[in-house]
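Sequence plus predicted model, see below.
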Amino acid sequence: MVHVFPMMLALTSLSAVLLDRFLGEPRRFHPLVGFGRLAAALERRCYGGDITPVARRVRGALAVVLLLVPFALTAAALAALPAVGTVVSVVALYFALGLRSLHDHARPVAEALRVGNEAEARARVSLMVSRDSAALDVTRAATESVLENGNDGVFGALFWFAIAGAPGAILYRLANTLDAMWGYRNDRYLHFGWAAARLDDVLNYLPARLTALTYAVLGRTRQALACWHSQAPDWDSPNAGPVMAAGAGALGVTIGGAARYAGEWHERPILGAGRAPVLDDIERALRLVRHGVWLWLGAWFIVGAWHA
C-alpha cells in the first residue's frame, strides 16, 4: 500500500482538478457559503460584550475549534470508508480548490479592460480584493490577486491534501475562509480573529514557499528568487510576501505600492521587478498558476510511477 499511495494521490488530485475545471463552483449551494453563514452565527454567539482582549482571543479560538474540528473529523471518517473513501477524497479536494473560480473572477476584469469599460472592470475587481476599488490600478490589483490567490485557493489545498488527504484539504480551506472573515486588524477582529489569522499563517507557511518556488521555476527564475529574498520580508504578511514577490519577479512586473482600505491609505512596498502590469499580464498570471498545477500533478505522477 505504501507504493500505491503516490499514484493514488496523483489520480485523485487530477480527478479533483478536472472536476473543478469542467464544473467550476457549485451554482445553487456552495458549501463555503453555508460554512460562512454558520461562522457568522457562531461569531454572534461567541463574541461577547465588554470583555478583556485576552477573553476575546479565547472566545475567538474556541469558535475556530468548534467550526473546524467537526468538519475535519467528519471528512476523515468518510474518507476512511472502504466503498466511498476515494470518491469522498476527490469531492473534498474539488470543494477546496479554487482554480476555476480564480479564472472566472480575473478574466471578466481583463475582458472589461479590453473593451475600455473601466467601470465594469472596477466592479469586477472589487470582487477579488478587499481594498477600495475606486482608488486602485485595476490591472495591478487583478494581477496581484491572481498571484496571491494561487496559493490561497489552489496550491495550499493541494499541499494539505497531499499531507493529510480529505481532512487536510477541508481543514485548510475552512481555516482560510475564517481568516478571510475574521483575520482583520481592526477594532472588532484584532483579538477575536487572532486565532483564525495565526492558524492560517501556520497552515500557509510551507505551501506559500512552495508556491513561490513554483512561480520562480516557471518564470524568470533568478529574478523571482532575488525578489523573494530581498522584498518578501518587508511585506506585512509572512506568507503573501514570498508568493507575490516571487510571482511578480517571475512575470517581470512590479506590484504592491500604496493602497486604500476603508478610506485610509496604507503604504506598501513595491514587489517584483520591471514594468507596471499591463492587460495581458492578468492572463500571464493565470497561466503561471495553471502551469504550476500541472507541474505539481506531473511531479506526483512521476513519483507514483517510480514507486509502482
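Nice, thanks for sending it over.

My understanding was that A250 contacts L288; is that so?
Yes: contact criterion CB atoms under 8 Å: A250 and L288 qualify, at 6.4 Å. Yep, even glycine has a C-beta here, placed from its N, CA and C like the rest.

Between these two, which contacts overlap?
Counting by CB atoms under 8 Å, 6 or more residues apart in numbering, the shared contacts of A250 and L288 are 215, 218-219.

From the residues you listed, which land in helices?
Among these, the ones falling in helices (DSSP state H) are 215, 218.

okay, A250 and L288: which has more neighbours?
A250 (28 against 20; other CB atoms under 10 Å).

quick one: that one from L127, how far?
25 Å (CB to CB, to the nearest Å).

cool, and S230?
32 Å.

again with A212
Between A212 and L127 the distance is 25 Å, computed by CB to CB.

Comparing those two, which residue is more hemmed in?
Shown here are A212 and L127; by other CB under 10 Å, A212 has more neighbours (29 against 13).

Could you list every helix and strand in contact with the helix or strand hosting the more buried one?
Take DSSP states H and E as the rule and A212 turns out to sit in helix 194-218. The contact analysis (3 or more CB pairs under 8 Å, 6 or more residues apart in numbering; DSSP states H and E) places helix 194-218 against helix 53-79, helix 138-150, helix 156-182, helix 221-231, helix 240-251, helix 279-307.

hang on, isn't F192 packed against V58?
No: with contacts counted by CB under 8 Å, F192 stays clear of V58, the gap being 9.8 Å.

so who does L271 touch?
L271 touches 227, 231-232, 235, 241, 244-245, 248-249, 254-256, counting by CB under 8 Å, 6+ apart.

between these, which is nearest A135?
Taking CB to CB as the measure, A135 lies nearest G256 of these, at 15.0 Å.

Can you report how many residues lie near that closest one?
Neighbour count of G256, defined by other CB under 10 Å: 20.

cool, and W306?
With other CB under 10 Å as criterion, W306 counts 10.

Could you do C46 as well?
18.

correct me, but it touches R57?
No: using CB under 8 Å, C46 makes no contact with R57, being 11.4 Å away.

any shared contact partners between these two?
Common neighbours of C46 and R57 (CB under 8 Å, 6+ apart) are F192.

which residues of the protein score low on pLDDT?
Along the chain, segments meeting pLDDT under 70 span 1-4, 262-263, 308.

redo that, cut-off 90
Low-confidence segments of the chain, defined by pLDDT under 90, span residues 1-6, 24-33, 48-51, 82-83, 129-136, 184-187, 236, 257-267, 304-308.

Just list the residues touching the residue lying closest to A226 once chain neighbours are set aside, thanks.
Leaving aside its sequence neighbours, A226 sits nearest to G249 (CB to CB, 6 or more residues apart in numbering; 6.7 Å). Shown in contact with G249 (CB under 8 Å, 6+ apart): 215-216, 219-220, 223-228, 271-273.

got a winner among those residues for most neighbours?
When neighbours are counted by other CB under 10 Å, Y215 leads the contacts of G249 with 34 neighbours.

just checking, that one touches P242?
No: taking contacts as CB under 8 Å, Y215 lies outside contact range of P242: 9.3 Å.

Give the closest residue to V146 in space, chain neighbours not counted.
Of all residues not flanking V146 in the chain, A285 sits nearest, at 4.0 Å (CB to CB, 6+ apart).

got it, and G98?
G153 (3.1 Å).

Can you give me the neighbour number for that neighbour?
Neighbours of G153 (other CB under 10 Å): 21.

Over to G116. Which of the three states is it?
Per DSSP: H, G, I helix; E, B strand; the rest coil, the secondary structure class of G116 is coil.

any idea how far A141 is from it?
18 Å.

Which one's more surrounded, these two?
The neighbour comparison of G116 against A141 (other CB under 10 Å) goes to A141, with 23 against 8.

what's the closest non-adjacent residue to A195?
The shortest distance from A195 to any non-neighbouring residue, by CB to CB, 6+ apart, is to A61 (3.8 Å).

got the contact list for the nearest residue to L225 once chain neighbours are set aside?
Sequence neighbours aside, A216 is the residue nearest to L225 in space, at 5.2 Å (criterion: CB to CB, 6+ apart). When contacts are counted by CB under 8 Å, 6+ apart, A216 touches 224-225, 228, 246, 249-250.
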